[in-house]
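with the sequence up front, the predicted model follows.
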Amino acid sequence: MTTIAELPPGFVDKVLSAQSTFRSVMDAMARPGSVQRIVPMAGAPDTMMRGTAAIALTLFDHDTPLWLDARMVESSDLVKWLKFHTGAPVVQDCSIASFALISDGTALPPLDRFALGTSEYPDRSTTVIIQVDSLASGRGFELRGPGIDGVATLQASIKPFDLFERLRINEALFPRGIDVVLVADDAVVAIPRTTRVVSKGS
């Protein structure tokens with residue numbers, strides 16, 4: 001059984017690292033499809049990538065209910081790490097989660113099960129953070145929408161393979177909807193609800 005002292009550490013410099021990580025995530029949101037790097041590395045438990053750990057340390061707190069996929073929730077060390085470093089409550093009902101962490105994209109629940117926000121408070125939706133194989137190689141995608149000058153391109157190895165087709169629910173929901181953050185090790189790409197993504201050539 002892992003003790004608190006044996007858990008992976010958080011940020012060495014909490015303030016500067018959190019500020020840097022926050023900027024990286026905000027830059028990713030402002031420029032959908034652009035690959036941003038998270039420079040300050042945090043210790044991460046098994047099944048959690050370093051970039052995901054840094055985002056958790058920066059954005060999660062006791063007021064942000066968190067939903068974990070089965071692979072993550074089965075890791076007692078990961079759950080302990082999150083509780084110790086962030087205080088975020090882990091919930092079983094994904095419809096009340098502020099954030100969802102997905103380590104196995106093939107097991108991503110239907111997106112309409114997450115919080116979609118309301119017309120009055122569209123920000124009360126779940127931000128879904130999905131760990132992926134690569135944000136530098138794989139299938140090609142074209143992105144359009146606010147924050148993109150014309151068309152942006154992204155090469156990525158993503159599961160589920162139909163993620164962007166699933167995200168089309170955002171078109172009918174706006175201003176409600178789901179924002180997605182893709183993480184591959186220390187690389188981050190944001191797909192806000194206003195972004196439309198298609199496979200290149202389709």
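Arrived safely, thanks for sending.

now do the helices in the protein.
Along the chain, the segments classed as helices by DSSP state H run 14-30, 50-59, 70-73, 76-86, 163-166, 169-173.

starting at the chain centroid, how far to the longest one?
Read that as helix 14-30. 13 Å (CA atoms, centre = their mean, to the nearest Å).

which residues touch the nearest residue to G150 once chain neighbours are set aside?
If the residues on either side of it in the chain are set aside, G150 comes closest to R144, at 7.7 Å by CB to CB, 6 or more residues apart in numbering. Heads up, the C-betas are built off the backbone N, CA and C, glycines and all. With contact set as CB atoms under 8 Å, 6 or more residues apart in numbering, R144 has these partners: 150-152, 195-196.

if we can go back for a sec, kindly reformat the helices of the chain as CSV containing mean neighbour count, distance to D133 and mean pLDDT.
Shown next, in CSV, are the helices of the chain (neighbours: other CB atoms under 10 Å; distance: least, CB to CB, whole Å; pLDDT from 0 to 100):
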stretch, mean neighbour count, distance to D133, mean pLDDT
helix 14-30, 16, 18, 94
helix 50-59, 24, 13, 95
helix 70-73, 16, 15, 95
helix 76-86, 18, 20, 93
helix 163-166, 17, 13, 96
helix 169-173, 15, 24, 94
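
looking at these, which is closest to D104?
helix 70-73 (4.9 Å; CB to CB).

ok, back up a step: wait, which of the helices of the chain is closest to V180?
Smallest distance to V180 across the helices of the chain (CB to CB): 7.5 Å, for helix 163-166.

one step back: which ones among the contacts of R144 lie within strands?
In strands, defined here by DSSP state E, the members of those are 152, 196.

nearest to V128, of the helices of the chain?
Across these, V128 has its closest neighbour in helix 163-166 (9.6 Å, CB to CB).

identify the bridge partners of the residue most central in space within the chain.
Nearest residue to the geometric centre of the chain (CA atoms, centre = their mean): I129, 1.8 Å. Counting by DSSP bridges, I129 is bridged to L101, V181.

who's in contact with it?
Contacts of I129 (CB under 8 Å, 6+ apart): 52, 55, 99-102, 180-181, 183.

pLDDT at it, what is it?
Looking at I129, its pLDDT stands at 98.

hang on, the earlier thing: now the contacts of R144 as a markdown table including distance to R124 and pLDDT?
As requested, those are exported to a markdown table (distance: CB to CB, whole Å; pLDDT from 0 to 100):
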| residue | distance to R124 | pLDDT |
| --- | --- | --- |
| G150 | 32 | 93 |
| V151 | 31 | 94 |
| A152 | 28 | 95 |
| T195 | 20 | 97 |
| R196 | 23 | 96 |
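
specify which member of the contacts of R144 is nearest to L68.
Distances from L68 to the contacts of R144, taken by CB to CB, are shortest for T195, at 25.0 Å.

hmm, L143 and the closest one touching each other?
Yes: between T195 and L143 there is a contact at 5.5 Å, judged by CB atoms under 8 Å.

overlap of the contact sets of those two?
32-33.

re earlier: highest neighbour count among the contacts of R144?
Counting neighbours by other CB atoms under 10 Å, the top entry in the contacts of R144 is T195, with 22 neighbours.
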